[in-house]
Each structure stands twice: as C-alpha cells, then as structure tokens.
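Trainee: Requesting a structural model of the entry that follows:
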Amino acid sequence: MRTSLVFIAFSLLVLTGFAQKGFQDIEKELQTKLIMAEDGAVVEIPAGKFHFQGSLSMDGKKNVTIKGAGMDKTILSFKNQADGAEGLKITDCTQITLEDFTIVDSKGDAIKVQGTEGVTFRRMKTDWSGKPKKTNGSYGFYPVQCGHVLVEDCHARGASDAGIYVGQSTDVMVRGCKAWGNVAGIEIENCIRAEVTGCEAIDNTGGILVFDMPGLKVKTEDL
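Mentor: The predicted structure is shown next:
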C-alpha cells in the first residue's frame, strides 16, 4: 500500500509540473502567434483555463481573428500577472475580431484596443474573481480612439470603473450585452454615431452612462 501511495504522489507531482510547464508554453506560443500573425490569420485558442504572468499584445495587424472555443470554455487568467497591466492590448490595427473567450483577473484593463479601425468583440467575457472591489482593473472592454466598433453578446463583471467602455470612437454599436457588478455598466464617452441596444445593466453603480467631456480628442464639435 505504501508503494502505491508513493507512486500516486510522485505521479501527481509530475503531472502538476507538466501542467505548469504547459501554461508557460501556451503563454509563449500565443504571444508568438500574435506577433507573427499575417494578414487574414485566425489565431485559435483551445478550450481550457490558461494562466499568464504577463500581458498579451498585438500591434499593426490587419484582418486578424483571435478565437477561443467558447465564452465559458476558453479562459485566460491573469490572477498571477507580474508584467504589464492589461490582459490583452491591441494597437494600431485594422479589422480585428475577438470572439469566444474570457479574460479574468487582469491587473489593469482586461482588453484594451486603441487606434484601430474596425474592431469586433463577439461572445466575449471579462471578469474579476470574488466580490467586486476597488483593486480590480478599471475597464473590462476598453476600445478607445477606434472606428467601427461592435461589441455584441458580451458579458462584463467586476470592473472598478466600467465593464464596457467605448471612448473617442466613431460608428459604435453595443448590442445584446450584459454588464453587472461594475461601477459603470456601459459607458459611452465622446463618441460619434453610437448606439446601445438590447443590453442588460444590472447591479452597477451606474447602468448606462453617456458623456461628452471637454479636452478629449473626439468632441461633438467634430460632427
């Protein structure tokens, strides 16, 4: 019996070590795919919960899709994040689609997209574990200074500022989304031609907020 128990314990140790190495490999592999993605590429993330210690980023790409196996099937956890602030940051791209995965417990914003023309979030989720708290990241979905933004059938919970925020952007559609347990559920700030429809904002400090703030890049006088 003792021999069997020792063998089982050793086996569990080996499997745990392999799993941890696998997570590191996934992080390196995914970041490499984002860096090397060619125009029209589809970057697929398999089902599973994967742990990351640093931010993921993509810059200057065209017509790229980042796709998981499902909102509740592919989960990217940044609970032990040591480097960077965002979970995923995308900058200066064209026609980017993110769909069917979840980002949890990022140190800062869960997903930030900046300076991008054509961005779609579809069947995505951002979340922070436990009860909402002020130490959570500020924004779940955070497209800013973008054009043609679609946020569709997405869920956002636990942001210390806004679950779904779209700022200084043009031609914005937020539809069929759910936001709960955030300070602001859905926030539209200094956007031109923005529509929020068929959404649920529950148990936020403010449900749906629309602002026209001075001193920002896009203002109503730009119409």
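Trainee: count of residues packed around the residue nearest to residue 83 when sequence neighbours are not counted?
Mentor: Distances taken as CB to CB, 6 or more residues apart in numbering place residue 54 nearest to residue 83, at 3.7 Å, with adjacent residues excluded. All C-beta spots, glycine's among them, are computed from the backbone N, C-alpha and C. Residues lying near residue 54 (other CB atoms under 10 Å) number 15.
Trainee: Next, the contact list for residue 54, please.
Mentor: 27, 31, 81, 82, 83, 84 (CB atoms under 8 Å, 6 or more residues apart in numbering).
Trainee: wait, what's in contact with residue 26?
Mentor: By CB under 8 Å, 6+ apart, the neighbours of residue 26 are residue 50.
Trainee: Mind pulling up the pLDDT for it?
Mentor: The score at residue 26 is 82. That number is its pLDDT.
Trainee: is it fair to say residue 27 lies in a helix?
Mentor: Yes - the assignment for residue 27 is a helix, going by DSSP: H, G, I helix; E, B strand; the rest coil.
Trainee: what's the burial count for the closest residue to residue 170 other than its chain neighbours?
Mentor: Once flanking residues are discounted, residue 170 sits nearest to residue 192: 4.5 Å by CB to CB, 6+ apart. Other residues near residue 192 come to 15 when the count uses other CB under 10 Å.
Trainee: same deal with residue 194?
Mentor: The number of residues packed near residue 194 is 17, by other CB under 10 Å.
Trainee: Check what pLDDT the residue lying closest to residue 107 once chain neighbours are set aside gets.
Mentor: Nearest in space to residue 107, with sequence neighbours left out and distances taken as CB to CB, 6+ apart, is residue 81 at 4.5 Å. Note for residue 81: predicted pLDDT of 94.
Trainee: What are the boundaries of the helices in the protein?
Mentor: 2-36 (DSSP state H).
Trainee: Surely residue 132 touches residue 181?
Mentor: Yes - proximity of residue 132 to residue 181 meets the contact threshold set by CB atoms under 8 Å, at 4.5 Å.
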